[in-house]
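Chemist: Predicted structure and sequence below. I'll ask about it afterward.
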Amino acid sequence: MPEQPDDWRAGLRQRVVDEIDHVIHAFRPSPGEGVEIKAARSGNRVDHLYAEGQILVRDEYLSQVLEILELPDEAELRGADRMRRVIAGVVLLTLDDSHPAVLDALEVIDQRLGRGIATPDHVLTVSPDGGVCPATEPQQTYEGIEPYPSVSQGNGGAGVLIYMDDTGLLKDAAETHSWLAGVQGDLDPLPPEDPPGTQPIPAYTGHGTFVAGVARCMAPAADIIVTDVFSTAGSELESNWIPRLEAALGLGVDIFHLTIAAHSRHDFPLIAFREWLKHLREHGGAVCVVAAGNDSSRRPTWPAAFSDVIAVGALGGDWRGRANFSNFGSWVDVYAPGRDLINAYATGTYTCHVDPYTNEKRKFYGMAKWSGTSFSTPIVTGLIASRMSSTGETARQAAAAVLAEARAQAIPGVGPVVLPGRGVPFTNA
């Protein structure tokens, strides 16, 4: 059983403490406001992040869970706004102060009904390291530098729709960089400029723009939608995220691209996302590509560890070995370059917020160097999209071909790999 969450900071790296504190404060900026996020410990690590007072429950066990927790009936709970549908098959229950803390309540449910019946409302973040964050904070580059990997030639990805759940799209970057022309999405706003080019860049701002830029370098003609789902310190609750993902099934998406991850209680699969995957299977040949995360661990992260998705790890800077931050294991399907990629970013000043660079100021001119499985993943997404337009295959067919090629050029000690421009057709002549 995880230790009491009040003890979560003890013995952790300062970097991890800084990142988790950043998320906790973003969800609840002052006492009594917002959602209270807690960190559950297990041994010498943070086991998972979750919302206190909220649990997800599978429909077929709802009446039993209500009885165990001595809660009112469904009608009364709905009338009091303490129950809502997350997705067909899963509901969110809100506990009040008269009930045990979430982890204690779940222990009782586990003992009576078994694991996986009810779970915490987990916090998901943009490809976490020790709980949250990309592998590095963004690094400075020269003004006018080219993207790396570079923009491919031709119209690879034409006619393919990629849906990205991320932090939104920077309007200025989309208008400035040619390879982002036509990318659509929710705006990722920056504070007003005064004077121009000097505005502060908040943490995680530009993440979705960078990810879309990498995918467009692989598939320059692909249609891309970048949503602003993880704008709260690069994070969101499973209960809030899944309804948006469910609504996107009606858009005719070919590739769902998710650069987000979470560890879960007892490493159990996310129950609301599992229901969404069932619905995805009913939508033609669409596929889901997910970042594996940056814990340098074989511990599964979700949703990447689902067998129905394509989990992407990161190669190091020489493209010959696994990046030291990348997760790994049998659940990771493929690796792609993820160290020191260069792509579109914000203009302004970024103040580092994690150890050992806390309070260091970095100046950016519309481009950045960044590392993480967040950025290896759009390479795979882009290669699948490019193959689709080159061959006429569905996303599932193209993904199977890309993964087959990756296995054929596997690196011993790493696993299947894909490299930009090598071995997989990704442009149209």
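Modeler: Here it is on my side, so go on. If you're wondering where the values come from, they're calculated on a predicted model, not measured in any experiment.
Chemist: list the helices and strands the helix or strand containing residue 404 packs on?
Modeler: Per DSSP states H and E: residue 404 is located in helix 395-408. If contacts are counted by 3 or more C-beta pairs under 8 Å, 6 or more residues apart in numbering; DSSP states H and E, helix 395-408 sits against strand 287-291, strand 334-337, helix 373-391. C-beta coordinates here come from the backbone N, C-alpha and C atoms, glycine included.
Chemist: Compare these and give me the one nearest residue 169.
Modeler: Of all the helices and strands packed on helix 395-408, helix 373-391 sits nearest to residue 169, with 13.5 Å by C-beta to C-beta.
Chemist: Report the buried residues of the closest one.
Modeler: Buried residues in helix 373-391, counting neighbours by 16 or more other C-beta atoms under 10 Å, are found at 373-390.
Chemist: Paired strands for the lengthiest strand in the chain, with orientation please.
Modeler: The longest strand of the chain (DSSP state E) is strand 45-58. Paired strands of strand 45-58, with direction, are strand 37-42 (antiparallel), strand 90-94 (antiparallel), strand 118-125 (antiparallel) (DSSP bridges).
Chemist: which is the next helix or strand following it?
Modeler: Per DSSP H and E, the first helix or strand lying C-terminal to strand 45-58 is helix 62-68.
Chemist: Which neighbouring elements make contact with that next one?
Modeler: For helix 62-68, the elements it packs on are helix 74-79, helix 102-113, judged by 3+ C-beta pairs under 8 Å, 6+ apart.
Chemist: deepest of the strands paired with strand 45-58, which one?
Modeler: Counting by mean count of other C-beta atoms under 10 Å, strand 118-125 has the highest mean neighbour count of the strands paired with strand 45-58, with a mean of 27.
Chemist: Using a markdown table, please lay out the helices and strands packed on helix 62-68 together with mean neighbour count, distance to residue 142 and mean pLDDT.
Modeler: Shown next, in a markdown table, are the helices and strands packed on helix 62-68 (neighbours: other C-beta atoms under 10 Å; distance: least, C-beta to C-beta, whole Å; pLDDT from 0 to 100):
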| stretch | mean neighbour count | distance to residue 142 | mean pLDDT |
| --- | --- | --- | --- |
| helix 74-79 | 13 | 57 | 93 |
| helix 102-113 | 17 | 48 | 96 |
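Chemist: want to try a markdown table for those helices, with distance to residue 11 as columns?
Modeler: Formatted as a markdown table, the helices and strands packed on helix 62-68 follow (distance: least, C-beta to C-beta, whole Å):
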| stretch | distance to residue 11 |
| --- | --- |
| helix 74-79 | 40 |
| helix 102-113 | 20 |
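Chemist: Quickly list the domain ranges of this protein.
Modeler: Per automatic domain parsing, the domain ranges recorded for the chain read 5-123, 161-408.
Chemist: Show the contacting residues for residue 139.
Modeler: 340, 362, 368, 369, 370 (C-beta atoms under 8 Å, 6 or more residues apart in numbering).
Chemist: quick one: residue 65 from residue 327, how far?
Modeler: When distance is defined by C-beta to C-beta, to the nearest Å, residue 65 is 32 Å away from residue 327.
Chemist: ugh, wrong one, I meant residue 410
Modeler: Here the criterion is C-beta to C-beta. By it, residue 410 lies 17 Å from residue 327.
Chemist: out of those two, which sits in the more crowded spot?
Modeler: Neighbour comparison, residue 410 and residue 327: the larger count goes to residue 327, with 30 against 13 (by other C-beta atoms under 10 Å).
Chemist: Pull the contacting residues for the more buried one.
Modeler: Residues in contact with residue 327 (C-beta under 8 Å, 6+ apart) are 292, 293, 294, 295, 296, 297, 298, 299, 301, 304, 313, 373.
Chemist: In this structure, what residue spans correspond to helices?
Modeler: Ranges of helices in the chain, per DSSP state H, are 14-27, 62-68, 74-79, 102-113, 171-176, 207-218, 238-247, 271-280, 373-391, 395-408.
Chemist: Reformat those helices as JSON lines; add distance to residue 416.
Modeler: Converted to JSON lines, the helices of the chain look like this (distance: least, C-beta to C-beta, whole Å):
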{"stretch": "helix 14-27", "distance to residue 416": "30"}
{"stretch": "helix 62-68", "distance to residue 416": "41"}
{"stretch": "helix 74-79", "distance to residue 416": "47"}
{"stretch": "helix 102-113", "distance to residue 416": "36"}
{"stretch": "helix 171-176", "distance to residue 416": "32"}
{"stretch": "helix 207-218", "distance to residue 416": "17"}
{"stretch": "helix 238-247", "distance to residue 416": "27"}
{"stretch": "helix 271-280", "distance to residue 416": "22"}
{"stretch": "helix 373-391", "distance to residue 416": "10"}
{"stretch": "helix 395-408", "distance to residue 416": "4"}
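Chemist: Nice, that's everything, thank you.
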